[in-house]
Each structure stands twice: as structure tokens, then as C-alpha cells.
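*Asks:* structure of the sequence below:
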Amino acid sequence: MNRITALIADDEEAPRAQLRAALQRRWPGLQIVAEAVNGVDAWDAFLEHEPALCLLDIRMPGLTGIEVAERIAGRAQVVFVTAHGDHALAAFDAGAVDYVLKPVDDERLAQALQRVQARLALPAPPAAADAVALQALLAQLSAQVRRPAPLEVIQAGVGKEVRLIRIESVVYFESDARYTRVVHEGGEALIRTPLKELLAQLDAQRFWQVHRSVIVNHHHIAAALRIDEGTMQLSLHGRPEKLPVSRHFQGRFKGQ
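*Replies:* As a prediction, this is how the structure comes out:
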């Protein structure tokens, strides 16, 4: 039987270490495959390792734990880790999602883990209605845990110039070795900001991540084409290139 894998994300070392030790006591067979110190790295680690369980601090730099959970979108079990007095606790008390308080209490953690184990033992994923209800709750929580306004301008060095690229003119971003390639309506440029850091600064309603190395402005998507069981590509309005869609993100494109 394959071991259950887990991801821990917390921007503070002491709570992260305490949670790790508590997990080892309460679920010795659990395999912790990654630890992250911010939401951006947590999301990147999820894409790399695909853990079955994610324990996420609510308030982290970059992406909040709730925003990471929204992106996970039911593909893993999530337990939130939060501080006493957090005003988001009222929503958790409805029982729709699991949480533990800092400092972690072993008994409370054991209860949350028992529920996680029960859900992982189910033969089928949760019903669509349950998934929709969970996403609605996460959206409500996300509105409470605010972060800075989305990026409006990209500054890109081109020779001796620093060009200001309005964010709405960007067609897509693509990882390019040590740089991020910015393809926009007026051409393209390279910037040093890693793609995973850009993700935390963009408006998620406009920019969709479709691959670990690609974020696209959905206003420019013309169609999604399924090539075979595991391969999908996007075509863009008025452009010849095709963008890959990895398995994690193919569920975003469903015919009505």
C-alpha cells in the first residue's frame, strides 16, 4: 500500500517544526514530502509532489493558505493551521473544513487527521455539490484574508530602456530558463521575476495558470483542444502558438 503523502506550509519555523513533530506522533506512517515557508512555494510544491494532504497556515506571504486551497480545488485534503482569535474561525466552526490552532494540540490534530483518513478511504471523490460548497466557503474566507491589490504594470528592461507593459495587454507569461517571458499585444520581453512569484501578484480572475510554466490571460484564449487522454493545448485569438495545459489544470476546460 502506498504511503499517504503530505505538505506542510507555514512561514514560521517554530510552528512548522511543532506541527511536523505532532504529525510524526499522531500519524507515524504519513510521509511529509515537502515544507514551504510561503504560499507561492506551497502551491509550487503541490504541483511537484501532488500530496494527498496539505496542512496550510492561513496567513502567509505571497498566496494565503486559503488561496492555495482554492487552487488545489479538492485534489487533496486540506487542514488549515491558524492562530487563536483569527476572525476566519467562525466559518470553520460550520464544520465544512478542518483546522487546528497554533500552538498545535495533539488531541485536536488527531481529530482532524481521523476525518482526513476517513475521507481518503472513501471509494469515490466528494460529490460535485460538496465541491461547489467548499469552493464557495473558500471564496468567502479569501475575501476576509486580504492581500495587496493585483499588479497593474510590468516593468521590463529592453536594452537601455525600461518599458512599462500594462497588465491587461499581456497575452501570457512563460518560464524561460532564468527569466520569465512576457508576451503582450505589442511584442514580448524578458523579466527576472520568477513565474511562481508573479502568480501571487496577478488577478486570478483574469490570469489562469494552465501549466507549471505558463500563465495565460483567459481573454485571449480561443479554444482548448484535447489531443489525447493526457494532453491538451490552447489556441489563442489571432496568434499561431499553442500553449500546453497540464493534467492539473485540464478540469478548468469543460464543455457545457
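*Asks:* CA only for contacts and neighbour counts going forward, please
*Replies:* Fine.
*Asks:* this structure - how does it break down into domains?
*Replies:* 5-144, 153-252 (automatic domain parsing).
*Asks:* can you flag the weakest of the ones you listed by average pLDDT?
*Replies:* Lowest mean pLDDT within these: domain 5-144, a mean of 83.
*Asks:* gap between that one and the chain center?
*Replies:* 12 Å (C-alpha atoms, centre = their mean, to the nearest Å).
*Asks:* hmm, back to that, dump the domains of the chain to JSON lines, plus mean neighbour count.
*Replies:* Putting the domains of the chain into JSON lines (neighbours: other C-alpha atoms under 10 Å) gives the following:
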{"stretch": "domain 5-144", "mean neighbour count": "17"}
{"stretch": "domain 153-252", "mean neighbour count": "16"}
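*Asks:* list of residues touching the helix or strand residue 108 falls within?
*Replies:* Assigned by DSSP states H and E, residue 108 belongs to helix 106-120. Helix 106-120 is contacted from outside by 22, 26, 27, 53, 77, 79, 98, 99, 100, using C-alpha atoms under 8 Å, 6 or more residues apart in numbering.
*Asks:* of those residues, which is the nearest to residue 179?
*Replies:* Of all the contacts of helix 106-120, residue 53 has the smallest distance to residue 179: 31.4 Å, by C-alpha to C-alpha.
*Asks:* contact partners for the closest one?
*Replies:* Residue 53 neighbours (C-alpha under 8 Å, 6+ apart): 4, 5, 6, 7, 76, 77, 78, 79, 116.
*Asks:* which pair in those spans the largest distance?
*Replies:* Among those, 4 and 79 lie farthest apart (C-alpha to C-alpha), at 14.6 Å.
*Asks:* what are the ranges of the helices in the chain?
*Replies:* 13-26, 39-49, 65-72, 89-92, 106-120, 128-144, 195-199 (DSSP state H).
*Asks:* closest to residue 229 out of these?
*Replies:* Closest of the helices of the chain to residue 229 is helix 39-49, at 19.3 Å (criterion: C-alpha to C-alpha).
*Asks:* helices or strands next to that closest one in the packing?
*Replies:* With contacts defined as 3 or more C-alpha pairs under 8 Å, 6 or more residues apart in numbering; DSSP states H and E, the packing partners of helix 39-49 are strand 5-9, strand 31-36, helix 65-72, helix 195-199.
*Asks:* try 7 Å
*Replies:* If you count contacts as 3 or more C-alpha pairs under 7 Å, 6 or more residues apart in numbering; DSSP states H and E, helix 39-49 packs onto helix 65-72.
*Asks:* give me the angle between the helix it packs on and helix 39-49.
*Replies:* 30 degrees (axes from the mean of the first three to the mean of the last three C-alpha atoms, to 10 degrees).
*Asks:* what bridges to the nearest residue to residue 69 once chain neighbours are set aside?
*Replies:* Excluding the flanking residues, the one nearest residue 69 by C-alpha to C-alpha, 6 or more residues apart in numbering is residue 78, at 6.9 Å. Beta bridges link residue 78 to residue 54, judged by DSSP bridges.
*Asks:* got the contact list for residue 78?
*Replies:* Contacts for residue 78 (C-alpha atoms under 7 Å, 6 or more residues apart in numbering) come out as 53, 54, 55, 69.
*Asks:* can you give me the end-to-end distance of stretch 70-82?
*Replies:* The first and final residues of stretch 70-82 sit 17 Å from each other (C-alpha to C-alpha, to the nearest Å).
*Asks:* make 42 the first number, not 1, from now on.
*Replies:* I'll keep to 42 as the first residue from here, and by that count the last item is stretch 111-123.
*Asks:* I figured residue 72 hits residue 48, correct?
*Replies:* No. With contacts counted by C-alpha atoms under 7 Å, residue 72 stays clear of residue 48, the gap being 8.8 Å.
*Asks:* re earlier: nearest to residue 216, of the contacts of residue 94?
*Replies:* Nearest member of these to residue 216, counting by C-alpha to C-alpha, is residue 48, at 24.1 Å.
*Asks:* which residues touch that closest one?
*Replies:* 73, 74, 75, 76, 92, 94, 95, 96.
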